[in-house]
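> sequence plus predicted model, see below.
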Amino acid sequence: MKFKCNKCSFKAYKPVAPISNKDSDILILIDTPSNYNDYDYGKRINKLFKKYNVSKHNIALLNMCYKKNEATGKIAAYTDSEISNCYSYLKTFLNKNPQIKYVFCLGMNAGNLFMKPEVEGTVVNKYIEKNGKFYYTTYNPADVLGREWLYDDLKEHFKRFFNHFYKHKGLIKPDIKINKILKLEDLEILKRKFKALEKKKWPFFSYDIETHGLDMLSSDFRIISISFSFNAKEAYVIPLDHSQQKYPIQKEKQILIDFFKDVFSNRKIRGIAHNAKFEYKSIYKYYNIITLNLGFDTQLV
C-alpha cells in the first residue's frame, strides 16, 4: 500500500520507502532527504531491516521531506503551516491504525511531529512511551544513509529499536556473540572453523558483506567488512577497507585475499547469503574471486 499526503509542495519528492503495510504494529517515519539518491538509501534501509528478520512489506512506512538551503547546506526550519499539515496527517493516520504500537522516527523533525504538543522538544536516542505507544527518535535524518561514519551510528539505533520491540512483545532473539578478526591469530581460528565444517553432514555457513556505496562502477566502491557465521549464536567479522585502518589484519591484504579465495572456491562447503547476486558481484569486482559454492539465497524465500 502507498500512503499519499498532498497537503504541501513536498508531495513531489520521491520517497525513500513508498511501499508499506498498513496492518503492521510498527511504523517507521523517515525524515527524507529530498535531493539525494533515494534509491540507494532505500536499498541500505532494506539491509538494516534484513538484519532483524523484517521486510519493508511487513512494516508501515511514511516519509516526510526536510528543506535544505542549497547555498548554505543547512536544513531550513519548517513553517508553522507545514508542521500543522504533517502533524494533522500523522495524527489521523495513527487514529485510523490503532494496532501501531511502536514508532521509529528517523530524524528529529519526524520525532517532533509526534511529540508535539504534548512533549516539549524531543528526547532522542531513547524510548518515550505516550498514549500506549512507544516512540524512538534518532538525532540524524535519513541522509546518514549516505555517510559511512554516521551509518554505523544508525545501525546501532536500529538495533536498540528492534531489541526493545522483540523484548516487549515477548519474542526471544538469541544473544549473538560477535568475534572480531583483528589479527592473524584470529584468522587462524576462523580457518580452523572452516576446516571443521568440511566434515559436517550439513556443511553450511552464512556470510554477509558490507560495502561503501552500492554502485560497483564508482571509484569509491569498496568492501569494508565480511562476516561469517556457522550457527545462530556466533559470528565472525573481518574489518577490511575502512577509511581508517586500525587493526593489524587490515594490512595483510594478500593473506586475506588467499583466505577468501579458499572459502568461496571450496566446493566441500556451501554458503548462504541474502541478495547473493550483489555479494557475488562485490567479491568478484573487489577481489577478482568467483564464488563457486553458493548454497542458497535467502532473498528467494
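Yep, that arrived.
> for the stretch 101-250 of the chain, just list every one of the helices.
Taking DSSP state H, counting those that start in this stretch as the test, the helices found in the stretch 101-250 of the chain are 108-115, 148-168, 184-197.
> most packed of those helices?
Comparing the helices of the stretch 101-250 of the chain by mean neighbour count (mean count of other Cβ atoms under 10 Å), helix 108-115 ranks first with a mean of 23. For the C-beta atoms, the positions are set from N, CA and C on the backbone; glycine is no exception.
> any chance of the helices of the stretch 101-250 of the chain in TSV with mean pLDDT and distance to Gln254 as columns?
Formatted as TSV, the helices of the stretch 101-250 of the chain follow (pLDDT from 0 to 100; distance: least, Cβ to Cβ, whole Å):
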stretch	mean pLDDT	distance to Gln254
helix 108-115	68	46
helix 148-168	75	25
helix 184-197	94	12
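> so which of these gets nearest Ile249?
helix 184-197 (6.4 Å; Cβ to Cβ).
> what bridges to Leu294?
For Leu294, the beta-bridge partners are Gly271 (DSSP bridges).
> wait, it sits on Gly271?
Yes: here Leu294 lies in contact with Gly271, judged by Cβ atoms under 8 Å, at a distance of 5.5 Å.
> returning to that earlier point: let's have the helices of the stretch 101-250 of the chain in CSV, adding distance to Ile226.
Formatted as CSV, the helices of the stretch 101-250 of the chain follow (distance: least, Cβ to Cβ, whole Å):
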stretch, distance to Ile226
helix 108-115, 33
helix 148-168, 16
helix 184-197, 11
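> who wins for proximity to Tyr286 among those?
The closest of the helices of the stretch 101-250 of the chain to Tyr286 is helix 148-168. By Cβ to Cβ, the value is 15.9 Å.
> got the CA positions of the closest one in CSV?
Coordinates of each C-alpha in helix 148-168 appear next as CSV, following Å, rounded to 0.1, in the frame of the first residue of the first chain:
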residue,chain,number,x,y,z
GLU,A,148,29.6,6.0,6.2
TRP,A,149,30.7,7.5,9.5
LEU,A,150,27.1,8.0,10.5
TYR,A,151,25.7,4.8,9.0
ASP,A,152,27.3,2.8,11.8
ASP,A,153,25.5,5.0,14.3
LEU,A,154,22.2,4.4,12.5
LYS,A,155,22.7,0.6,12.7
GLU,A,156,23.1,1.0,16.5
HIS,A,157,19.8,2.8,16.6
PHE,A,158,18.0,0.1,14.6
LYS,A,159,19.5,-2.4,17.0
ARG,A,160,18.1,-0.6,20.0
PHE,A,161,14.7,-0.2,18.5
PHE,A,162,14.2,-3.8,17.4
ASN,A,163,15.7,-5.2,20.5
HIS,A,164,13.1,-3.3,22.5
PHE,A,165,10.4,-4.4,20.1
TYR,A,166,11.3,-8.1,20.4
LYS,A,167,11.7,-7.9,24.2
HIS,A,168,8.4,-6.0,24.7
